[in-house]
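Q: Starting from these lines, generate the structure:
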Amino acid sequence: MAQTTTNKVKIDAKSVIEELKTPGLIILGIIGGSMTGKMIDKVIKVDETKTGFDVKKMVKPLVQITAGVGGAIFLKDKNLKLVASGVAATGIASSVKVFLKKDLLQGISQFAGLGNSQEQSYTQVFKEPLNLEIAPYNPKLPILTGGQELVEIPIETEEVSGVDLGAYQEIKEVEIL
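A: So this is what the prediction gives:
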């Protein structure tokens with residue numbers, strides 16, 4: 001009789017914290033990069049109404065990506081490299097916003113009371129509603145008076161088929177393609 005061995009996984013607080021540390025440090029880098037981007041926006045004023053490509057719009061993503069990639073390459077500590085990766089991620093998200101006009105990290109800097117506490121304007125997200133109302137159709141029809149005599153039009157039956165219909169032809173079958 002062969003004896004099987006089972007490996008029991010030991011779960012303790014230290015192993016759970018170690019597993020949560022990696023995504024936590026990346027999220028910390030994303031929050032820090034987002035707050036840094038807000039400061040860059042305050043220093044370098046970008047005209048959002050300007051059409052076409054504006055070089056000022058690329059400053060924030062370039063600074064964030066350069067700081068994040070540079071930190072991930074040159075820093076020795078594994079934890080700081082993870083934070084730098086989060087900063088680089090915000091740079092990528094900022095460049096997506098510049099080119100595609102969609103903000104992937106909208107509201108992340110307000111997470112847990114960080115960053116700007118002013119309410120976001122929903123007019124930036126939604127367009128003004130369109131008025132799709134159609135004007136009512138009121139044709140000007142003549143008013144019928146009681147003094148006119150109504151004329152009865154004969155209904156085509158088998159007995160009256162083709163009688164007094166003039167140039168009209170009777171259609172027996174219609175094929176719809």
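
Q: The longest helix seen in the chain - what's its average pLDDT?
A: Criterion DSSP state H: the longest helix present in the chain is helix 13-43. Averaging pLDDT along helix 13-43 gives 88.

Q: just checking, what packs against it?
A: helix 59-74, helix 78-100 (3 or more C-beta pairs under 8 Å, 6 or more residues apart in numbering; DSSP states H and E). Where you see a C-beta, it was placed from the backbone N, CA and C, and this is true even at glycine.

Q: possible to save those helices as JSON lines with mean neighbour count?
A: Converted to JSON lines, the helices and strands packed on helix 13-43 look like this (neighbours: other C-beta atoms under 10 Å):
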{"stretch": "helix 59-74", "mean neighbour count": "17"}
{"stretch": "helix 78-100", "mean neighbour count": "19"}
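
Q: got those helices as JSON lines, with distance to Leu25 and mean pLDDT columns?
A: Formatted as JSON lines, the helices and strands packed on helix 13-43 follow (distance: least, C-beta to C-beta, whole Å; pLDDT from 0 to 100):
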{"stretch": "helix 59-74", "distance to Leu25": "12", "mean pLDDT": "91"}
{"stretch": "helix 78-100", "distance to Leu25": "4", "mean pLDDT": "88"}
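
Q: Figure out which of those helices is closest to Ile27.
A: Ile27 lies closest to helix 78-100 among the helices and strands packed on helix 13-43, at 6.5 Å (C-beta to C-beta).

Q: how about that closest one as CSV, C-alpha atoms only?
A: Extracted C-alpha coordinates of helix 78-100, given in CSV (Å, rounded to 0.1, in the frame of the first residue of the first chain):
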residue,chain,number,x,y,z
LYS,A,78,12.6,46.1,-5.7
ASN,A,79,9.8,48.0,-3.9
LEU,A,80,10.8,51.4,-5.4
LYS,A,81,10.9,49.8,-8.8
LEU,A,82,7.3,48.8,-8.4
VAL,A,83,6.3,52.3,-7.4
ALA,A,84,8.2,53.7,-10.5
SER,A,85,6.3,51.2,-12.7
GLY,A,86,3.0,52.7,-11.4
VAL,A,87,4.3,56.2,-12.3
ALA,A,88,5.1,55.0,-15.8
ALA,A,89,1.6,53.5,-16.1
THR,A,90,0.1,57.0,-15.4
GLY,A,91,2.3,58.3,-18.2
ILE,A,92,0.9,55.8,-20.6
ALA,A,93,-2.7,56.6,-19.4
SER,A,94,-1.9,60.3,-19.9
SER,A,95,-0.7,59.7,-23.5
VAL,A,96,-3.9,57.7,-24.2
LYS,A,97,-5.9,60.7,-23.0
VAL,A,98,-3.9,63.0,-25.3
PHE,A,99,-4.4,60.9,-28.4
LEU,A,100,-7.8,59.2,-27.9
